[in-house]
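Asks: could you work out the structure for the sequence below:
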Amino acid sequence: MITLHRLNGSAVVINAELIESLEVGQQTVVALATGNRFLVCESADEITQKVLEYRLKVNSQSKVVNPIQGFERKQS
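Replies: Alright, predicted model coming up:
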């Protein structure tokens, strides 16, 4: 989740995984995969940086999963 700011200054928290596109103009339009759109003060570069920071944080905290753990063949 990343925090952005609407034009009136109120904060809106958006799921960074759902961002589909950014429309650049005087204000930035954030389009989500859900069809929702948000008009925000942050630039596309600022939003991109926030998404990258979010993904680094999320991915650095995850453990490596062994997909075959518990299903190893037993030697007879």
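Asks: got the contact list for the nearest residue in space to V40 that is not next to it in sequence?
Replies: Distance criterion Cβ to Cβ, 6 or more residues apart in numbering; nearest residue to V40, sequence neighbours excluded, is L4 at 4.4 Å. No exception for glycine: its C-beta is placed from N, CA and C like everyone else's. Each residue near L4 by Cβ atoms under 8 Å, 6 or more residues apart in numbering is listed here: 11-14, 30, 38, 40-42, 47, 50.
Asks: what helices or strands is the helix or strand that E46 is a member of leaning on?
Replies: Assigned by DSSP states H and E, E46 falls within helix 44-61. Secondary-structure packing of helix 44-61 (3 or more Cβ pairs under 8 Å, 6 or more residues apart in numbering; DSSP states H and E): strand 2-5, strand 19-23, strand 28-32.
Asks: okay, buried residues for stretch 49-64 please.
Replies: Residues of stretch 49-64 classed as buried by neighbour count (16 or more other Cβ atoms under 10 Å): 50-51.
Asks: so what touches it?
Replies: 1-4, 16, 19, 42.
Asks: one more time with 10 Å, if that's ok
Replies: 1-4, 14-17, 19, 22, 42-43 (Cβ atoms under 10 Å, 6 or more residues apart in numbering).
Asks: R73: which of the residues you listed is nearest?
Replies: R73 lies nearest to E17 out of the contacts of stretch 49-64, by Cβ to Cβ, at 36.2 Å.
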